[in-house]
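Q: predicted coordinates and the sequence they were generated for:
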Amino acid sequence: MRLQYVLGLACCLPATSIFAQNAPTNPYPTPLYRMNDVSKSLNLTQDQINRLNTLTDRVQNQYREDFTRLNSLNEAERFARAQELNRRYYNDWSKAASDVFNDTQRNRYQQYNYQYGGFNTLYDPEVQKRLNLTQDQITNLREQANWNNQQWQEINRLGATDPTKATQMYKDYWTQRQERFNKYLTPQQQRTWNEMIGEPYTFQPTFTRSFNR
């Protein structure tokens, strides 16, 4: 039996989402409340977590065939379709979860999603409108997303053999992503973005062990 370490929040490839990013074996965006300390920071009760788990399973079942079909598409089609699916999935999940959160939790959870999603959050047309992104910025977004995905692939690869180094790479990734974000957005857009995300939250990497016989 061989133990393989996989970063529990690795990205959903080839496109990430505004959910916590999954290991490639799971096509569904993983809700942030399942990450370390997020549910605690939101003061979620066990009843709320149970209800969120139930609705997450339900929404995943609804989208099972759609996510499975991504494998039959070429890279360009898969990327665009994955972004669309992630938006639809998140919108349906959010509607289902709206009566589970209180107002404070709901608002903060949205801020967490913006923060964690980063460049992938900017694929949302409403976010693009709110930030007043230019056409050049929207065109350049694919380059940023590709960099993002490459970073997650490497973090996952390293996490399978050296979780300590993978954790450091994860921390470096966040620093580099912020630097790229600051260059990508104008000063006015940065101010709007900071209003959208609220107080910065430090997401912790989670490693789980998968067993290969």
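A: Great, that's in hand.

Q: now do the strands in this structure.
A: Secondary structure of the chain (DSSP state E): strands at 2-7, 207-212.

Q: what's the least confident stretch among those?
A: Lowest mean pLDDT of those: strand 2-7, a mean of 35.

Q: measure the closest residue to residue 180 other than its chain neighbours to residue 197 for me?
A: Of all residues not flanking residue 180 in the chain, residue 144 sits nearest, at 6.4 Å (CB to CB, 6 or more residues apart in numbering). C-betas here are computed from N, CA, C, even on glycine. With distances taken as CB to CB, to the nearest Å, residue 144 is found 17 Å from residue 197.

Q: with residue 43 instead?
A: Remark: distance between residue 43 and residue 197 (CB to CB) = 19 Å.

Q: higher neighbour count, those two?
A: The neighbour count for residue 43 versus residue 197, taken as other CB atoms under 10 Å, is higher for residue 197 (19 against 11).

Q: ok, that one touching residue 116?
A: No - using CB atoms under 8 Å, residue 197 is not in contact with residue 116; the gap is 9.5 Å.

Q: any weak-confidence spans in the protein?
A: In the predicted model, the chain carries pLDDT under 70 at residues 1-27, 29-30, 206-213.

Q: show me where it has helices.
A: All helices of the chain, identified by DSSP state H, fall at 38-41, 46-69, 75-97, 103-117, 125-131, 135-159, 163-184, 187-197.

Q: turn these into TSV, columns for distance to residue 204.
A: Formatted as TSV, the helices of the chain follow (distance: least, CB to CB, whole Å):
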stretch	distance to residue 204
helix 38-41	9
helix 46-69	18
helix 75-97	22
helix 103-117	12
helix 125-131	25
helix 135-159	14
helix 163-184	9
helix 187-197	18
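
Q: which stretch among the ones you listed comes nearest residue 31?
A: Closest approach to residue 31 among those (CB to CB): helix 46-69, 5.8 Å.

Q: how many other residues sit next to the nearest residue to residue 98 once chain neighbours are set aside?
A: Spatially, and ignoring its direct neighbours in sequence, residue 98 is nearest to residue 106 (6.7 Å; CB to CB, 6+ apart). Counted with other CB under 10 Å, residues neighbouring residue 106 total 15.

Q: what's the answer for the one 3 residues further on, then?
A: Other residues within reach of residue 109, judged by other CB under 10 Å, total 21.

Q: for it, give me its contacts.
A: 32-33, 42, 101 (CB atoms under 8 Å, 6 or more residues apart in numbering).

Q: make a ChimeraX selection of the buried ones in those.
A: In ChimeraX, a selection of the buried entries from the contacts of residue 109 looks like this (16 or more other CB atoms under 10 Å):
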select :32,33,42,101
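
Q: is it possible to get CSV of the contacts of residue 109 that adds distance to residue 58?
A: Below are these laid out as CSV (distance: CB to CB, whole Å):
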residue, distance to residue 58
32, 18
33, 15
42, 21
101, 17
